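K.L.:
Sharing a model prediction with you, sequence too.
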Protein chains: 2
Amino acid sequence: MATPRYFMLADSASSLPARLRDEDAEHLLRVLRAEEGTTIWGLDGRGTKRLLRVTRARGGRGANSRLPAWSQLALEPAGEDEFVPAWGEPNGPGAWVELACPLPKGSRADDWMDRLVQHGLSGFTDLVLEHSEVAARAPSNARWSRLGRVACEALKQSRSTWLPRFSGPLELADWLASLGSDLGKPGAHAAWLDPGAKLPMKAWLQRLDQGGPARRIWIAAGPEGGFSKAEGQLLEASGFAGVNLGTRILRIETATELALGSVRLLGH
Amino acid sequence: MATPRYFMLADSASSLPARLRDEDAEHLLRVLRAEEGTTIWGLDGRGTKRLLRVTRARGGRGANSRLPAWSQLALEPAGEDEFVPAWGEPNGPGAWVELACPLPKGSRADDWMDRLVQHGLSGFTDLVLEHSEVAARAPSNARWSRLGRVACEALKQSRSTWLPRFSGPLELADWLASLGSDLGKPGAHAAWLDPGAKLPMKAWLQRLDQGGPARRIWIAAGPEGGFSKAEGQLLEASGFAGVNLGTRILRIETATELALGSVRLLGH
């Protein structure tokens, strides 16, 4: 039997009747034309996987398309909830890997976020840096909402359970302060991408295997113009290792995606 | 002094006067407003880097915008040509890494190719597989031309010198036959992406470091529906190792990009 498809729940409170997000109910009912008895996984994006069975579906001929899809769809639990521990937790899906960089401009950022979530992004912080473009310094609420929707789609597609935590915009010093003592804890590793650094990323990746399992990993990347000298010094003083990704010049989207993807590929 | 920017030459015959491609001349003259004395690198996409000096530039006020840009730009060599050996050659920029998979649909393929070239793609073969969508089986000439232009832009941006070699569409058996005895040569490695494979990509990547430097690497990936059973058997019989990229389901664009990127990141 094929693995049941993944859908997003409208809310995470397990005492409420199970409801899907509007767009997920719409998709299940009108595109996939779910029938009574179909089972699906409902996700809350915070670790819960709920196996659900369709008990009523009016999506086909004769359906009232002016009623919201969720109201024409009834679901009941088809088993106990499963819970996947969070990133960085024992028995979780892997280390907490957070990316901090200025949010790239335009629609490319959507596709980029889609790929990052496929790779298992745990957290993303939008950094405001000296060389950030001024126009990019304050993403609108609509922009964040769109990124959130992109993340939901990628979560379902990749069959993961935890949505990334978004934060920012934050100045570099404020972000570093928010990490506080976590940076010094066992299993913590931090790097900043610096084309001029002597340490190749390969060597830094090997460090992740030393001294116990990697638990929390932070990767900071700059805008097209790079970090300023003062920002680089601040990162170094905070325990971030400067790493290079080789001789080819990668765009920030490509560089950050490779950094996250390779950390996951190597088993963290 | 900043590294001179990279531009594509109109042709590679070094006995001809140095000319840029129309769009590159246009960019240099009208966007960057090059002046006499500016130096640039001219690339032929086949290993040659030619340092050139602008000796005449009529791009500003008073320029005749109805004449092609290249005709208002004169260049002369500013040094001996440099030549970067090809992928897979001794002293070259790295192993030959070829990707073979069905060309993804639509405009996402352009952005994908852009990132692949940033990562140092050596060759790309468009595979026709049992589960390929019929509509995707014969990319138009215009589509190939567009991918070629995307590759040029990515080459310049990443400061590389070798454009990837495009081939296909080819049936899997024909592609494998074209590789012939190269598959068995020292330093040759081949993998196919198979979510059901037991071998993690991490373990396969470690093999690349054993028994001398990796020289030629082929990575095959299937369409959304995966390879058919017969295709998987054919790949195995040809010496391709099935590898998995972990438990998350990655789209073909994301999976192939990570495979190529991690091979390069690990120094091949």
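P.N.:
Looks like it came in fine.
K.L.:
Could you list the contact residues of chain A toward chain B?
P.N.:
For chain A, the residues found near chain B under the criterion CB under 8 Å from any CB of the partner chain are A:93, A:108, A:111, A:115, A:118-120, A:157-160, A:200-202, A:205, A:245-251, A:253-254, A:257-258, A:261-262, A:264-267. To be clear about C-beta, it is placed using only N, CA and C from the backbone, and glycine gets the same treatment.
K.L.:
Now, those that are in helices?
P.N.:
Of the residues of chain A next to chain B, the ones assigned to helices by DSSP state H are A:108, A:111, A:115, A:118, A:157-158, A:201-202, A:205, A:253-254, A:257-258, A:261-262, A:264-265.
K.L.:
Can you say which of those are buried?
P.N.:
A:111, A:115, A:118, A:157-158, A:201-202, A:205, A:253-254, A:257-258, A:261-262, A:264-265 (16 or more other CB atoms under 10 Å in any protein chain shown).
K.L.:
Skipping its backbone neighbours, what lies nearest A:V263 in space?
P.N.:
Nearest residue to A:V263, sequence neighbours excluded (CB to CB, 6 or more residues apart in numbering or on different chains): A:V97, at 5.6 Å.
K.L.:
buried stuff in stretch A:118-138?
P.N.:
Residues of stretch A:118-138 classed as buried: A:118-129, A:132, A:136 (neighbour count, 16+ other CB under 10 Å).
K.L.:
any idea which of those residues is closest to A:L179?
P.N.:
Ranked by distance to A:L179 (CB to CB), these are led by A:T125 at 9.6 Å.
K.L.:
name the element that closest one belongs to?
P.N.:
strand A:123-128 (DSSP states H and E).
K.L.:
That strand - contacts with which helices or strands?
P.N.:
The contact analysis (3 or more CB pairs under 8 Å, 6 or more residues apart in numbering or on different chains; DSSP states H and E) places strand A:123-128 against strand A:96-101, strand A:165-171, helix A:172-179.
K.L.:
List the contacts of the residue nearest to A:V263.
P.N.:
Shown in contact with A:V97 (CB atoms under 8 Å, 6 or more residues apart in numbering or on different chains): A:87, A:120-123, A:217-219, A:260, A:263-264, A:268.
K.L.:
Could you report the distance from A:D22 to chain B?
P.N.:
Counting by CB to the nearest CB, to the nearest Å, the gap from A:D22 to chain B is 24 Å.
K.L.:
Correct me if wrong: that residue contacts A:W70.
P.N.:
Yes. Under the criterion of CB atoms under 8 Å, A:D22 makes contact with A:W70 at 5.9 Å.
K.L.:
Residues in contact with both of the two, list them for me.
P.N.:
Residues touching both A:D22 and A:W70 by CB under 8 Å, 6+ apart: A:A10.
K.L.:
who has more neighbours, those two?
P.N.:
Legend: neighbour count by other CB atoms under 10 Å in any protein chain shown for A:D22 and A:W70, higher for A:W70 (19 against 13).
K.L.:
Reduced to three states, what does the more buried one come out as?
P.N.:
Counting by DSSP: H, G, I helix; E, B strand; the rest coil, the backbone at A:W70 sits in helix.
K.L.:
okay, it: pLDDT?
P.N.:
A:W70 carries a pLDDT score of 76 in this model.
K.L.:
Could I get the contacting residues of it?
P.N.:
Taking CB under 8 Å, 6+ apart, we find A:W70 in contact with A:10, A:19-22, A:25.
K.L.:
Of those residues, which pair is most distant in space?
P.N.:
Largest separation among those by CB to CB: A:R19 and A:D22, giving 9.2 Å.
K.L.:
so what sits against both of those two?
P.N.:
Common contacts of A:R19 and A:D22, defined by CB under 8 Å, 6+ apart, comprise A:10, A:70.
K.L.:
quick revisit: and which of the buried residues of stretch A:118-138 is nearest chain B?
P.N.:
For those, the closest approach to chain B (CB to the nearest CB) belongs to A:Q118, at 5.0 Å.
K.L.:
pLDDT score assigned to that closest one?
P.N.:
We have a pLDDT of 97 for A:Q118.
K.L.:
Pull the contacting residues for it.
P.N.:
Going by CB under 8 Å, 6+ apart, A:Q118 touches A:154, A:157-158, B:248-251, B:254.
K.L.:
and of the residues you listed, the nearest to B:W41?
P.N.:
Closest approach to B:W41 among those (CB to CB): B:T254, at 31.8 Å.
K.L.:
so how far is chain A from the closest one?
P.N.:
5 Å.
K.L.:
Could you tell me how far the closest residue to chain B within the stretch 51-200 of chain A is located from A:G120?
P.N.:
Distance from chain B to each residue of the stretch 51-200 of chain A (CB to the nearest CB) is smallest for A:S158, at 4.3 Å. Applying CB to CB, to the nearest Å, the value for A:S158 to A:G120 is 8 Å.
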